[in-house]
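# Sharing a model that was predicted from the sequence below.
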Amino acid sequence: MTASKEKKSDERFDCNIPIVVSPFNSRHSRDALLVTHWVDGVSFISDDAFFLGEAVMLRIRSFKDFCSSDIGRLPSVSMGEVKWCTKLPADKAPASYEVGIKYYPQIY
């Protein structure tokens with residue numbers, strides 16, 4: 001875990017979308033809240049810390065809370081790599097970590 005974040009070169013979009021996060025090849029999943037998305041990644045808040053470099057699968061719980069501009073930009077299921085994990089201040093309870101994910105490139 002580290003507090004270092006990558007440089008933000010793409011436009012970020014704030015959101016508040018419930019997701020499920022699963023470490024790759026694991027049956028265990030964790031609920032989280034997607035808070036920001038951009039062209040090649042997302043950030044979410046979670047009760048659990050994630051390891052740098054960890055491969056994770058992200059799944060949107062429901063599309064009912066999306067605004068129309070989010071639907072075209074955000075995949076319902078995606079895979080990515082943990083790029084940063086930061087412990088949040090106690091006043092952000094119950095979630096205690098913000099995690100940044102960079103999507104793996106899609107190969108067709």
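Perfect, I can see it now.
# Please make it C-alpha for all contacts and neighbour counts, starting now.
OK.
# Could you pull out the helices in this protein for me?
68-71 (DSSP state H).
# could you pull out the strands for the protein?
Ranges of strands within the chain are 13-23, 30-38, 41-46, 55-60, 77-87, 97-103, based on DSSP state E.
# need the ones you listed in JSON lines with mean pLDDT and mean neighbour count, can you?
Below are these laid out as JSON lines (pLDDT from 0 to 100; neighbours: other C-alpha atoms under 10 Å):
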{"stretch": "strand 13-23", "mean pLDDT": "90", "mean neighbour count": "17"}
{"stretch": "strand 30-38", "mean pLDDT": "92", "mean neighbour count": "19"}
{"stretch": "strand 41-46", "mean pLDDT": "94", "mean neighbour count": "23"}
{"stretch": "strand 55-60", "mean pLDDT": "94", "mean neighbour count": "20"}
{"stretch": "strand 77-87", "mean pLDDT": "94", "mean neighbour count": "20"}
{"stretch": "strand 97-103", "mean pLDDT": "96", "mean neighbour count": "23"}
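# so what's Lys87 up against?
3, 49, 96-98 (C-alpha atoms under 8 Å, 6 or more residues apart in numbering).
# can you redo those as CSV with distance to Lys87?
Below are the contacts of Lys87 laid out as CSV (distance: C-alpha to C-alpha, whole Å):
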residue, distance to Lys87
Ala3, 8
Ala49, 8
Ser96, 6
Tyr97, 4
Glu98, 6
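# I am finished for the moment; much appreciated.
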